[in-house]
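Asker: How does the following fold in three dimensions:
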Amino acid sequence: MAPTIIVLLIASLLTPSYSNLPSADQSFTSLLISDKGLDFVKDLLILKAVSSLTPLQLPPIQRSVKIPFVGNAHVVFSNITIYKINVSTSYVKPGDSGIVIVTSGATCNLSMNWNYSYATWIVPVEISDKGRASVQVEGLEVGLTLGLENRQGTLKLSLMECGCYVKNISIQLDGGASWLYQGVVDAFEDQIGSAVENAITKKLEEGILQLDSLLQSLPKEIPVDDTASLNVTFVSDPLLSNSSIGFEINGLFTSSRKTGVFNYHNLKNSHPELPCNDPSKMLGISLDEAVFNSASALYYDAEFMQWIVDKVPDQSLLNTAGWRFIIPQLYKKYPNDDMNLNISLSSPPLIRISQNNIDATVYVDLIIDVLEAGKVVPVACISLVIRALGSVKIVGNNLAASVKLDDFSMSLKWSKIGKLRMFLVQPVMWTLIETVFLPFANKHLGKGFPLPIIRGFTIQNAEIICSPSRVTVCSDVAYVESYSRTHILRLPYSFLERS
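Answerer: Reported below is the predicted structural model:
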């Protein structure tokens with residue numbers, strides 16, 4: 001049996017705070033598997049079930065049969081093997097009582113050995129015969145009712161009902177004088193049918209237990225890198241309707257280092273229906289602003305949002321000579337000295353998602369450092385408020401992003417070289433934002449972070465929709481046959497590659 005698709009990603013508006021800690025049972029990610037997605041999962045499960053059922057060895061069958069004018073004959077069927085199963089019709093139906101999966105009209109082929117022996121009062125010598133037999137089972141019906149519930153943040157799968165029914169069976173013997181005994185062997189149809197029903201039912205029960213064990217072994221956090229992980233705990237029981245299954249997950253970024261607790265306010269956890277334009281998509285994942293902002297706050301607190309710039313496309317901007325007409329006093333005090341730009345964020349970037357739009361506001365302090373006689377001399381600090389327009393896309397199984405400049409404002413925070421003519425500095429800041437800051441940001445945003453799709457499954461034909469306070473990914477899903485069941489069990493999630 002192969003695991004069903006499970007989930008993840010993210011949530012609402014946040015600013016660092018040290019009050020109003022979000023509850024662990026809040027959800028900031030909504031996942032919906034549509035009827036088309038359920039059919040895909042059902043077909044994959046049936047494919048894997050058939051693969052695990054063939055070949056399937058059944059226990060030997062033996063009995064004594066009374067034959068007219070002969071007496072009692074001891075008949076044994078051995079090496080009974082199901083070697084082929086064909087499923088023609090199946091359906092899946094979620095509902096209040098559980099998830100029902102039914103196959104009907106299936107056929108099943110078996111092979112086996114047969115032998116018999118008897119002795120009569122006329123001929124007091126044991127007579128025996130043996131040969132091979134082929135069995136054709138038709139009208140095979142299998143029904144499962146599965147329960148799915150949240151068990152301490154993981155999914156618990158249970159088998160509520162399981163049944164297998166054989167409608168018709170025919171046995172054809174080959175070898176020896178088998179044609180004489182076809183009528184006798186036909187008396188074994190019920191026993192063979194029961195053996196098939198019991199064997200398939202037992203195998204399916206074992207498969208559900210294995211699948212349940214796999215689901216409960218899935219991690220509650222997905223590593224993004226050495227700093228951050230995604231909280232993928234389920235916060236409620238799955239939501240079953242007559243055509244879909246919905247999941248609610250916490251979904252916030254958390255610290256991998258466990259050095260502190262990150263608190264946020266203005267978190268939302270409402271869960272509207274996923275606004276997919278194409279209802280035929282298999283999967284919908286609704287991501288609220290909060291996870292993007294939780295990532296922003298986490299990386300800010302981890303001091304990742306500061307760096308020294310010592311190379312730029314226009315390298316003249318990193319020498320005071322390049323500033324002699326912009327900030328004359330800088331060049332006068334430090335003629336032809338090299339410079340660094342010390343860039344740091346004064347607060348976490350704030351992401352807001354609206355209809356068909358993503359906005360990011362970034363608060364930056366840019367310190368101009370002069371390198372004089374081997375020493376770094378800070379001479380001025382300019383505060384920038386950068387307003388950027390964002391877009392998101394799917395890269396593999398990752399959700400990636402990019403930003404472009406919308407507008408910015410600036411002010412002088414402090415200066416050791418007197419007042420600056422900010423209208424002269426503004427074009428230089430625009431150049432630095434366009435050629436240094438945004439390319440740096442887009443390099444990292446372009447890698448994205450992982451949507452928690454089980455390894456072996458890939459997102460296809462994705463559509464991304466921005467609506468107030470959330471991003472929704474609507475997509476189909478494909479299964480890559482090159483990933484064996486062993487790979488799926490060993491590597492449950494596709495992680496973001498570390499740079």
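Asker: measure the nearest residue to E372 once chain neighbours are set aside to A373 for me?
Answerer: The shortest distance from E372 to any residue other than its chain neighbours is 5.4 Å, reached at D337 (C-beta to C-beta, 6 or more residues apart in numbering). C-beta: built from backbone N, CA, C; applies to glycine. When C-beta to C-beta, to the nearest Å is the yardstick, D337 and A373 sit 9 Å from each other.
Asker: got it, and S30?
Answerer: S30 sits 59 Å away from A373, taking C-beta to C-beta as the criterion.
Asker: Likewise for W430?
Answerer: 32 Å.
Asker: quick one, which of these two is more surrounded?
Answerer: Using other C-beta atoms under 10 Å as the criterion, W430 and A373 rank with W430 on top: 13 against 6.
Asker: Where does the closest residue in space to that one that isn't next to it in sequence sit: helix, strand or coil?
Answerer: Here the nearest residue to W430 in space, its sequence neighbours aside, is F408; by C-beta to C-beta, 6+ apart that works out to 7.4 Å. Counting by DSSP: H, G, I helix; E, B strand; the rest coil, the backbone at F408 sits in strand.
Asker: does F408 have beta-bridge partners, and which?
Answerer: I386 (DSSP bridges).
Asker: for it, what are its contacts?
Answerer: With contact taken as C-beta atoms under 8 Å, 6 or more residues apart in numbering, F408 is in contact with 384-387, 429-430, 433.
Asker: In this structure, what residue spans correspond to helices?
Answerer: In the chain, helices defined by DSSP state H lie at 35-53, 182-186, 189-217, 289-301, 328-333, 422-432, 438-445, 485-490, listed in chain order.
Asker: Which one of the ones you listed lies nearest to L144?
Answerer: L144 lies closest to helix 189-217 among those, at 6.7 Å (C-beta to C-beta).
Asker: Run the chain-centre distance for that closest one.
Answerer: Relative to the mean C-alpha coordinate of its chain, helix 189-217 is positioned 27 Å out (C-alpha atoms, centre = their mean, to the nearest Å).
Asker: tell me the angle that helix makes with helix 35-53.
Answerer: Going by axes from the mean of the first three to the mean of the last three C-alpha atoms, to 10 degrees, helix 189-217 is angled at 120 degrees with respect to helix 35-53.
Asker: Out of the helices of the chain, which gets nearest to P348?
Answerer: Smallest distance to P348 across these (C-beta to C-beta): 4.0 Å, for helix 289-301.
Asker: Output the contacts of F408 in a markdown table, with distance to G131 appended to each entry.
Answerer: Listed next are those as a markdown table, based on distance: C-beta to C-beta, whole Å:
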| residue | distance to G131 |
| --- | --- |
| L384 | 89 |
| V385 | 89 |
| I386 | 84 |
| R387 | 84 |
| M429 | 92 |
| W430 | 90 |
| I433 | 86 |
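Asker: most surrounded residue in those residues?
Answerer: Using other C-beta under 10 Å as the neighbour definition, the contacts of F408 reach their maximum at I386, which records 23 neighbours.
Asker: That residue: what's it in contact with?
Answerer: Contacts of I386 were listed using C-beta under 8 Å, 6+ apart, and they are 361-364, 405, 408, 433, 437.
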